[in-house]
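> Sequence first, predicted coordinates after that:
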Amino acid sequence: MSTGIKIRMNAAQAIVECMKRESINKVFCVPGESYLPLLDALYDEPSIDLVSARHEGGASFMAEGYAKASHKPGVVLATRGVGAANLTIGVHTAYQDSTPMVVFLGQVHSKFRGREGFQEVDLDQFFKPITKWAVEVKDPERMPELVGRAFRIARSGRPGPVVVSLPEDVLPIETEMHFGPVITIPKPAPSNEEVISMESFLLKSKKPLIIAGGGVKLSQAEEELISFAEKLQIPVMAAFRRHDVFPNNHDLYAGHLGLGTPKQVIETVKEADLVIALGTRLSEVTTQDYSLLSPDQKLIHVDIEHDVIGKVYPPDLAIIADMKKALEAFEEIKLNSIWATWAEESRLRYETVSRLVVTDKEVINMHVIQALVDMLPADALITNDAGNFAGWLHGFYPFTEKNTYVGPTSGAMGYGLPAAIGAKLALSNRVVVSLSGDGGFMMTFQELETAVREKVPVIALVFNNNSYGTIRMHQEMHYPERVIGTDLGAVSFTSLANGVGAQGFTVHTISDFQHALNQALNNDLPSVIEIMTDVENISVSSSLSSLRG
């Protein structure tokens, strides 16, 4: 066992040393007086860039988007109760999206605890339901141990967020710090018996189907998934908002299981006699309200976290493994491909409903997707908010390369812009484009100034129909013409963008959009392209008039 090293420093400096050992080079924050010693320690560390956001929710979304794009833990700092409460949306997103994140929160002085001190909240208890672990460090000597454990927990098994509460009187205390060995992350592999069992299930199957989720992306096993699927000619579907887990233009790609999934794609799942779930928790959206699979189907569930397996559907075969290790082991399966016809049928169903054919009768949203396909490089990274506008993206934009999509399976509004900033900071040589509705965009618009200040040239598309459109759609479905709370006022997003030093465009036609996108692609400034849309065209498949019947 390695004895590690001992260094004399204060507790705040020990946190920074732990970050360095984890190769962290971006940290997001809104500064706060409760953790000033940590900010001061970061001042002395040139290898770590501190990005100060305008709101803690934006900072946490940036850290989450950065983590997804970089395959490193996102790190975010905020002050005690009020700052902590503001960033919970990003923590919840990381929890549901299985994104590694470490959150450092200033806390009130230890002597003031229990007196309802200024901004006092019991932070470890507050965050316990939406984190993998939450801890308060009360002993400065234990800072390296507990911060190291935080990074290990955030990255191990099914990744997720960890919160570390830092009483302000602990941070400046200097003592001899002991740093253990560099963290290693367990990567379990299937046993030989499990691989043999999987082979026996495949031998009996006539219509197998793979549902691939975030676990494949987290272990960077996209190439291994392609190899496995091609070897056996098994069709592959992407779990909700994991579009880029498998090339959408591949002959074996059979669709995306999300909101508004076409009936033809659902039919493919219903017809499968064996479902192989790889690194997916089989969420409510992926499984269409937990209705997708039936007891007549066999289920093989492979996931790195034992708590995930059986939470929704009891599997016929459960395998606890890292996805890359699992797919490498599955290469040993010796079968002659007998599913080519089934794969062709599955692909044809997907193509029938997802082919991007744009006519003059199509709404501008569809034309925008076509323009993105035509004008963006294949490795451009897309982020999006929640909202009906995303239906056109999810249904028709073909993700052909890995690590080109960052989206919230939690369905968080306000995610698109700050996540795009985080992703662009992780992948500076890539074009990064966010898609938002006007409702969601206004929730975190202030982070556009962060992008300007940090010189992060993201491109933000805003589909503006002066409405909380998704909720308006549900209103019209359940309470026709009884509209309340969903109409929004007019906002000039172009003026707002120009006001913070970004580049703004307002477009009404597709030719206007193409011109604006071309300018944005050739400019080093952050850009906002406001696309004026009609609330009548409420979703891909419906208008308000049709919903009212």
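All right, it came through fine.
> other SSEs contacting the helix or strand encompassing W392?
Using DSSP states H and E, W392 sits in helix 390-396. Here helix 390-396 touches helix 340-354, helix 364-375, strand 381-384, going by 3 or more CB pairs under 8 Å, 6 or more residues apart in numbering; DSSP states H and E. Every C-beta, even on glycine, is put in place using the N, C-alpha and C of the backbone.
> so how far is it off the chain centroid?
Centre-to-centre, helix 390-396 and its host chain are 16 Å apart (CA atoms, centre = their mean, to the nearest Å).
> Mind listing the strands the helix or strand just after that helix pairs with, and their directions?
Counting by DSSP H and E, the next helix or strand C-terminal to helix 390-396 is strand 405-406. If you go by DSSP bridges, strand 405-406 pairs up with strand 381-384 (parallel).
> Give me the below-cutoff pLDDT ranges for this structure.
The model of the chain has pLDDT under 70 over residues 1-4, 110, 112-113, 115-120, 469, 536-549.
> quick one, domains of it?
Using automatic domain parsing, the domain parsing of the chain gives 5-179, 192-353, 356-548.
> End to end on the first one, go ahead and measure it.
By CA to CA, to the nearest Å, the extent of domain 5-179 from end to end equals 5 Å.
> which residues does the closest residue to A272 other than its chain neighbours contact?
Computed as CB to CB, 6 or more residues apart in numbering, the closest residue to A272 that is not its neighbour in sequence is L209, at 3.8 Å. Neighbouring residues of L209 by CB atoms under 8 Å, 6 or more residues apart in numbering: 234-237, 254, 268-269, 272, 274-276, 346.
> strand partners of the helix or strand hosting L209, parallel vs antiparallel please.
Applying DSSP H and E as the criterion places L209 in strand 208-212. Strands that pair with strand 208-212, judged by DSSP bridges, come out as strand 236-238 (parallel), strand 274-278 (parallel).
> Can I get the last one as CSV, trimmed to CA atoms?
What that stands for is strand 274-278. Extracted as CSV, the C-alpha positions of strand 274-278 are listed here (Å, rounded to 0.1, in the frame of the first residue of the first chain):
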residue,chain,number,x,y,z
LEU,A,274,-35.0,-10.1,-26.2
VAL,A,275,-34.0,-6.6,-24.9
ILE,A,276,-30.4,-6.0,-24.0
ALA,A,277,-30.2,-2.9,-21.8
LEU,A,278,-26.7,-1.5,-21.8
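> Give the pairing partners of the helix or strand following it; include direction for each.
Moving toward the C-terminus from strand 274-278, the next helix or strand (DSSP H and E) is strand 298-303. Applying DSSP bridges, strand 298-303 is found paired with strand 274-278 (parallel), strand 317-320 (parallel).
> what comes up buried for the first one?
Buried residues in strand 274-278, counting neighbours by 16 or more other CB atoms under 10 Å, are found at 274-278.
> Then stretch 136-148?
Going by neighbour count (16+ other CB under 10 Å), the buried part of stretch 136-148 is 136-137, 140, 142-148.
> Could you dump these into TSV and include secondary structure and distance to L123?
Putting the buried residues of stretch 136-148 into TSV (DSSP: H, G, I helix; E, B strand; the rest coil; distance: CB to CB, whole Å) gives the following:
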residue	secondary structure	distance to L123
E136	strand	7
V137	coil	11
P140	helix	18
R142	helix	17
M143	helix	16
P144	helix	20
E145	helix	19
L146	helix	14
V147	helix	15
G148	helix	19
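> Can you redo the residues you listed as CSV, where the extra columns are distance to N518?
Output for the buried residues of stretch 136-148, formatted as CSV (distance: CB to CB, whole Å):
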residue, distance to N518
E136, 52
V137, 51
P140, 55
R142, 55
M143, 51
P144, 51
E145, 53
L146, 51
V147, 46
G148, 48
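> I'd assumed S47 was in a strand, is it?
No - going by DSSP: H, G, I helix; E, B strand; the rest coil, the assignment for S47 is coil, not a strand.
> neighbours of it, just the number please.
Number of residues near S47 (other CB atoms under 10 Å) recorded here: 10.
> isn't it right up against E22?
No - with contact defined as CB atoms under 8 Å, S47 does not reach E22; the gap is 11.5 Å.
> quick one: secondary structure of G90?
Going by three-state DSSP, the state assigned to G90 is helix.
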